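Visitor: Predicted coordinates and the sequence they were generated for:
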Amino acid sequence: MEVGFLGLGIMGKAMALNLLSNGFRVTVWNRTLSRCEELVEHGATVGETPAAVIQKCKYTVAMLSDPSAALSVVFDEHGVLEQITEGKGYIDMSTVDAETSSKISQAITEKGGHFLEAPVSGSKKPAEDGQLVILAAGEKTLYEEVIQIFDVLGKKSFFLGSVGNGAKLKLVVNMIMGSMMNGFAEGLVLAERSGLSQQTLLDVLDLGAIANPMFRLKGPAMINSSHAPNFPLKHQQKDMRLALALGDEQAVSMPVAAAANESFKKARSLGLGEEDFSAVYEVLKASLFNATA
Ligand SMILES: NC(=O)C1=CN([C@@H]2O[C@H](COP(=O)(O)OP(=O)(O)OC[C@H]3O[C@@H](n4cnc5c(N)ncnc54)[C@H](OP(=O)(O)O)[C@@H]3O)[C@@H](O)[C@H]2O)C=CC1
Ligand SMILES: O=CCCC(=O)O
């Protein structure tokens, strides 16, 4: 199967490589075109623009940073929409809000194309290992046609009904994750400030009711202040912001998420946006130390 792939950041690169190594023919495009070179070494073809990729491929996947990138790649000059014709499928796996996804869906389907939103749970390693969790919504027939793609990228796919449901579920999941990360980081700082071993805290957490892969994976790096980006903090803050907007729409009070968002914003303001979202630890560490100095 020939698949187009737009966006070769941390996630997109791993996902496109995975498709190549599983026998798909892949045509890639990235805004910074030089990032396509590594994929070409693994057998990909390059499309000069999103429109060129769509023209060549029946199915195209996008993995872009945020709503503005997702809209720009579709609606701008030489964008996706220029070459969408009857029967083409466009699958946007970026984490965006339901409104963005609906705008894209409407534009694609008005031209006779088919659309799925399919954001994912799981970060760089699961993307490399084909172990993502896929939250698809939109056209069921397209979902069935591209299930082979999802089977390579993920360990489990959910079909969630109408466009917007995948985007919303993804935001709820990441809102919980961002809030957990803040609580975890505060706990690590409090343990250290109280003269306790942070490693012992990690060991205890891992044996109890709140053990989870995120604490297990990130904890050892965090206590060494190592935040090499798997999931960039700027994207986590974007997800908190979009989840809070969803909370506004639904009149759901979310004080914990709002506080977590403030910490992520503070981290961005301190230049930590490109670091892993675990770098929020540095902000909490600084503020707790200042408060008790
Ligand atoms: N990293 C993770 O753990 C996870 C991320 N996600 C979500 O997946 C998406 C991608 O994440 P990730 O790969 O980490 O992000 P990266 O920041 O590594 O990559 C972002 C990609 O978007 C492209 N891009 C940004 N702005 C524009 C624009 N205006 N026009 C065209 N292309 C643009 C970048 O191109 P360029 O190279 O030119 O900058 C790059 O290809 C995000 O929505 C994120 O929230 C979901 C699950 C996990
Ligand atoms: O959106 C990013 C999610 C990262 C993860 O699920 O580990």
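Guide: Arrived safely. Ligands and ions are numbered 1, 2, ... in the order given.
Visitor: and the stretch 101-250 of the chain, which residues reach ligand 2?
Guide: Residues of the stretch 101-250 of the chain lying close to ligand 2 by C-beta under 6 Å from any ligand atom are 121, 122, 123, 174, 231. For the C-beta atoms, the positions are set from N, CA and C on the backbone; glycine is no exception.
Visitor: ok, the fourth one touching residue 246?
Guide: Pointing back at residue 174 there. No - the criterion here is C-beta atoms under 8 Å, and residue 174 misses it with residue 246 at 11.0 Å.
Visitor: List the residues that contact residue 111.
Guide: For residue 111, the contact set (C-beta atoms under 8 Å, 6 or more residues apart in numbering) comprises 81, 84, 85.
Visitor: how close does the second one sit to ligand 1?
Guide: What that stands for is residue 84. Look at residue 84 and ligand 1: by C-beta to the nearest ligand atom, to the nearest Å, they are 17 Å apart.
Visitor: got it, and residue 252?
Guide: 21 Å.
Visitor: So that residue versus residue 173, what's the distance?
Guide: 15 Å (C-beta to C-beta, to the nearest Å).
Visitor: Which residue of those two possesses the greater neighbour count?
Guide: Ranked by neighbour count (other C-beta atoms under 10 Å), residue 252 and residue 173 place residue 173 first, with 17 against 11.
Visitor: Count the neighbours of the residue in the chain that ligand 2 sits nearest to for me.
Guide: Proximity of the chain to ligand 2 (C-beta to the nearest ligand atom) peaks at residue 123, 3.7 Å away. When neighbours are counted by other C-beta under 10 Å, residue 123 registers 21.
Visitor: is any part of the one helix or strand residue 61 maps to close to ligand 1?
Guide: Per DSSP states H and E: residue 61 is located in strand 59-62. No - Strand 59-62 stays clear of ligand 1 (C-beta under 6 Å from any ligand atom), getting no nearer than 8.8 Å.
Visitor: Can you name the residues that contact the residue in the stretch 1-150 of the chain that ligand 1 sits nearest to?
Guide: In the stretch 1-150 of the chain, the residue that lies nearest ligand 1 is residue 9 (1.8 Å; C-beta to the nearest ligand atom). Going by C-beta under 8 Å, 6+ apart, residue 9 touches 30, 63, 64, 65.
Visitor: If we use 7 Å, what do you get?
Guide: Taking C-beta atoms under 7 Å, 6 or more residues apart in numbering, we find residue 9 in contact with 63, 65.
Visitor: most surrounded residue in the contacts of residue 111?
Guide: Neighbour max across the contacts of residue 111 (other C-beta under 10 Å) = residue 84, 25 neighbours.
Visitor: Skipping its backbone neighbours, what lies nearest that one in space?
Guide: residue 113 (4.0 Å; C-beta to C-beta, 6 or more residues apart in numbering).
Visitor: So which elements touch the strand holding residue 61?
Guide: Applying 3 or more C-beta pairs under 7 Å, 6 or more residues apart in numbering; DSSP states H and E, we find strand 59-62 packed against strand 2-6, strand 89-92.
Visitor: Mean neighbour count, the ones you listed: which tops it?
Guide: strand 89-92 (a mean of 28; mean count of other C-beta atoms under 10 Å).
Visitor: What pairs with that one, parallel or antiparallel?
Guide: Partners of strand 89-92 in the sheet, by DSSP bridges, are strand 59-62 (parallel), strand 114-117 (parallel).
Visitor: quick one: the last one near ligand 1?
Guide: No - Strand 114-117 does not reach ligand 1 (C-beta under 6 Å from any ligand atom); its nearest approach is 11.4 Å.
Visitor: Could you count how many residues lie near the residue nearest to residue 162 when sequence neighbours are not counted?
Guide: Leaving out its chain neighbours, the residue that sits closest to residue 162 by C-beta to C-beta, 6+ apart is residue 137, at 6.1 Å. Other residues lying near residue 137 total 27 when counted by other C-beta under 10 Å.
Visitor: Now stretch 142-154: average pLDDT?
Guide: In this model, stretch 142-154 has a mean pLDDT of 98.
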